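Visitor: Make a model of this:
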Amino acid sequence: MLILTIKYDTKDPLFLVKYENLMPNEEFLKISNTLLACMNPNCDKMFKNIGARQVHMKSCNKPPRFKCGHCDFHSTTKKNVRLHSVAKHRKQKTEIIELHDPNLRRSSFPCPNAVCNKTFDTQERVTFHIKYRCCKSPRFKCFYCDFKSYYKYEVKLHNNSKHADRQFHVIKIEE
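Guide: Numbering: from 1, shown residues only. Take a look at the predicted model:
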């Protein structure tokens, strides 16, 4: 369901458009003199273009990742903390504290195999790893070259990128 709210300001002929319940990849008509609203219903921020809104959507409703080393100011971007520090703490060296790294995986399910040091997000992924990959040889081979993989879909991706002009065929490697 799409809810569209339009507000027209007589002082400034500008349409303020609020899109709700849209998926981030959905397209919509561009209207001149339009501000684009954040698609999060809890956020009232408006943007002049789609790119600015997409940058905002990456951090909207996420906890701040960076903090000023001199005060309690925090932000989702390092750039904002740097700008704050330069403006508010001119005589001090800029210090930015990273509160958390979203790229660090919180893997708490290790593979039980002693020679394997992999960890996973869920027990289901450990089970899948043991069944299809751990200490095993690749099960599928490209029909046209020596590319091998544990998974058929990876061979298909390889075929589409390296042999796009040829029909997809895969060789199942017997153990």
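
Visitor: Any stretches of this protein with poor pLDDT?
Guide: 1-33, 102-107, 175 (pLDDT under 70).

Visitor: Can you list the residue ranges for strands in it?
Guide: Counting by DSSP state E, the segments of the chain that form strands are 3-9, 14-20, 34-37, 46-47, 66-68, 74-75, 96-98, 109-110, 119-120, 140-142, 148-149, 170-172.

Visitor: Now His100. Nearest residue, chain neighbours left out?
Guide: Nearest in space to His100, with sequence neighbours left out and distances taken as C-beta to C-beta, 6 or more residues apart in numbering, is Arg65 at 6.2 Å. Quick note: C-beta positions are derived from backbone N, CA and C, even for glycine.

Visitor: can you tell me how far the one you found sits from Phe47?
Guide: Arg65 sits 21 Å away from Phe47 when distances are taken as C-beta to C-beta, to the nearest Å.

Visitor: What of Gln54?
Guide: Computed with C-beta to C-beta, the distance linking Gln54 and Phe47 is 9 Å.

Visitor: For those two, indicate the residue with more neighbours.
Guide: With neighbours defined as other C-beta atoms under 10 Å, Gln54 and Phe47 compare such that Phe47 has more, 17 against 13.

Visitor: which residues does the more buried one form a beta bridge with?
Guide: In this entry, Phe47 is beta-bridged to Leu36, by DSSP bridges.

Visitor: ok, now which ones touch it?
Guide: Phe47 makes contacts with Leu35, Leu36, Ala37, Cys38, Arg53, His56, as judged by C-beta atoms under 8 Å, 6 or more residues apart in numbering.

Visitor: go on, Lys162?
Guide: Taking C-beta under 8 Å, 6+ apart, we find Lys162 in contact with Cys142, Tyr144, Cys145, Phe147.
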